[in-house]
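Undergrad: turn this into a model:
(one chain, ligands or ions: 1)
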Amino acid sequence: MIEAHGLTKRYGSKTAVDGIDFTVHPGRVTGFLGPNGAGKSTTMRMIVGLDHPTSGTVTVQGRPYAQLRSPLTEVGALLEAKAVHPGRTARQHLRALGATHGIGDKRVDTVIELAGLGAVASKRVKGFSLGMGQRLGIAAALLGDPHTLILDEPVNGLDPEGVAWVRGLAKHLASEGRTVFLSSHLMSEVAVTADDLLVIGRGRIVAQGRVDDVVARATTTTVRVRSPHATELAAALSGPLATVDAIEPGLLEVHGPSAAEIGEIAAASRFVLHELTPVAGSLEQAYMSLTADAVEYRSGGDDVFLPTAPTTQPEAQR
Ligand SMILES: Nc1ncnc2c1ncn2[C@@H]1O[C@H](COP(=O)(O)OP(=O)(O)OP(=O)(O)O)[C@@H](O)[C@H]1O
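TA: Reported below is the predicted structural model:
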């Protein structure tokens, strides 16, 4: 379990993490989401003692990282800025790490195989692709068979097989009762991997809880309604509490009332329904809505990619 109380980190005048409280539970995968610069890496670095809080505390199994007796066997971390000697091979790197904790070659070989690095274990790390480097970082995090895993963007640079591997691995580790805390910008991946969410924006927690609950609170459920009486039904439904979009002839998307309420209204007017489907909001929609006010580095609009309109008429039209 990871617990933070009033956790704060300031760099000069910049408050990277602003007095946050959260709990990351064992036996679950917790996704850590937030826009660029929101404070995710800083928070993770504080959990593993690479940064010191300006104020507040963060503990793993009730203790600050610095007080853990055998850190590598208690907390495994994959953080972006990892120190890997480029001249070492993957196996040498893992053996050197293991040696600090009395972890033997057998375990090193196990994590090499687990991470799919068998074919390149004797190659120097400086020749590694981004994805191979990620796999090595994950192998290092697993080396001590820790009860808590902190993974900062673990799927960054991985091929589809690697992404699926991380997904399965995270779920498997959680099913063994371990605490798995991972950050990602890939909403589709988090949606299928995480049980819980912690969403941060500008250094503050903007949402936390079970994925389904966070999504349900941050989005509205839309109901797809197919009916030969769509036009009349749309008129009957429209009001201050409902918005109705006509998608195509005979198909409506209704925002506001529940499927049951729509069914009742349709029945009262004897409108036949061919479909009545609640469509839950997506994690991406929830994320966009939760962090809308917290995005510091926003992309330009679509128009920046579009060619500018010609200022002169083409020859043929003159
Ligand atoms: N060592 C540092 N010195 C000064 N400012 C820092 C330092 N580390 C982080 N920051 C600032 O703290 C804020 C939070 O950064 P952090 O890297 O934690 O964000 P993040 O959520 O991990 O972002 P990303 O998704 O882009 O990785 C940013 O404004 C960043 O510029």
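Undergrad: now do the helices in the stretch 151-300 of the chain.
TA: Counting by DSSP state H, counting those that start in this stretch, one finds helices in the stretch 151-300 of the chain at the ranges 160-175, 187-193, 211-218, 230-237, 259-268, 283-291.
Undergrad: quick check: residue 23 touching residue 1?
TA: Yes. Residue 23 is within contact range of residue 1, at 6.6 Å (criterion: Cβ atoms under 8 Å). Just so you know, the C-beta spots here come from the backbone N, C-alpha and C atoms, and that holds for glycine as well.
Undergrad: for the chain, where's the lowest mean pLDDT among helices and strands?
TA: helix 71-74 (a mean of 90; mean pLDDT, DSSP states H and E).
Undergrad: next structured bit after that one?
TA: Per DSSP states H and E, the first helix or strand lying C-terminal to helix 71-74 is strand 75-78.
Undergrad: what residues of the helix or strand just after that following strand count as buried?
TA: Downstream of strand 75-78, the next assigned helix or strand under DSSP H and E is helix 90-99. Buried positions in helix 90-99, judged by neighbour count with 16 or more other Cβ atoms under 10 Å: 90-95, 97-98.
Undergrad: distance of the residue nearest the centre of the chain from the ligand?
TA: What sits nearest the mean C-alpha location of the chain, by Cα atoms, centre = their mean, is residue 184, with 3.8 Å. Counting by Cβ to the nearest ligand atom, to the nearest Å, the separation of residue 184 from the ligand is 9 Å.
Undergrad: how far away is that residue from residue 70?
TA: Separation of residue 184 from residue 70 (Cβ to Cβ, to the nearest Å) stands at 28 Å.
Undergrad: still on that earlier bit, could the helices of the stretch 151-300 of the chain go into JSON lines alongside mean neighbour count and distance to the ligand?
TA: Output for these, formatted as JSON lines (neighbours: other Cβ atoms under 10 Å; distance: least, Cβ to the nearest ligand atom, whole Å):
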{"stretch": "helix 160-175", "mean neighbour count": "17", "distance to the ligand": "17"}
{"stretch": "helix 187-193", "mean neighbour count": "18", "distance to the ligand": "13"}
{"stretch": "helix 211-218", "mean neighbour count": "18", "distance to the ligand": "18"}
{"stretch": "helix 230-237", "mean neighbour count": "17", "distance to the ligand": "41"}
{"stretch": "helix 259-268", "mean neighbour count": "15", "distance to the ligand": "37"}
{"stretch": "helix 283-291", "mean neighbour count": "20", "distance to the ligand": "11"}
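Undergrad: just send the ones you listed back as CSV, with mean pLDDT too.
TA: Putting the helices of the stretch 151-300 of the chain into CSV (pLDDT from 0 to 100) gives the following:
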stretch, mean pLDDT
helix 160-175, 94
helix 187-193, 94
helix 211-218, 93
helix 230-237, 96
helix 259-268, 96
helix 283-291, 94
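Undergrad: now these as JSON lines including distance to residue 61?
TA: Shown next, in JSON lines, are those (distance: least, Cβ to Cβ, whole Å):
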{"stretch": "helix 160-175", "distance to residue 61": "15"}
{"stretch": "helix 187-193", "distance to residue 61": "23"}
{"stretch": "helix 211-218", "distance to residue 61": "24"}
{"stretch": "helix 230-237", "distance to residue 61": "53"}
{"stretch": "helix 259-268", "distance to residue 61": "44"}
{"stretch": "helix 283-291", "distance to residue 61": "29"}
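Undergrad: residue 120 against residue 133, yeah?
TA: No. Taking contacts as Cβ under 8 Å, residue 120 lies outside contact range of residue 133: 10.7 Å.
Undergrad: next, the closest residue to residue 296 other than its chain neighbours: phi, psi?
TA: Nearest non-adjacent residue to residue 296, counting by Cβ to Cβ, 6 or more residues apart in numbering: residue 37, 5.1 Å away. When quoted as degrees, to the nearest 10, the phi and psi of residue 37 stand at phi 80, psi 10.
Undergrad: okay, now the unreliable bits of the stretch 1-150 of the chain?
TA: 81-83 (pLDDT under 70).
Undergrad: and the helices in it?
TA: Taking DSSP H, counting those that start in this stretch to define them, one finds helices in the stretch 1-150 of the chain at 40-47, 71-74, 90-99, 105-114, 130-142.
Undergrad: mind listing residues that contact the shortest one?
TA: Right, helix 71-74. Residues outside helix 71-74 that contact it (Cβ atoms under 8 Å, 6 or more residues apart in numbering): 48-49, 60-61, 65, 68, 97, 100-101, 103, 143-148.
Undergrad: need the CA coordinates for that helix. CSV is fine.
TA: Extracted as CSV, the C-alpha positions of helix 71-74 are listed here (Å, rounded to 0.1, in the frame of the first residue of the first chain):
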residue,chain,number,x,y,z
PRO,A,71,14.2,-1.4,-0.9
LEU,A,72,14.7,-3.5,-4.1
THR,A,73,12.8,-6.5,-2.7
GLU,A,74,10.0,-4.2,-1.4
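Undergrad: name the nearest residue to the residue nearest to the centre of the chain, sequence neighbours excluded.
TA: Among residues not flanking residue 184 along the chain, residue 190 sits closest, at 5.2 Å (Cβ to Cβ, 6+ apart).
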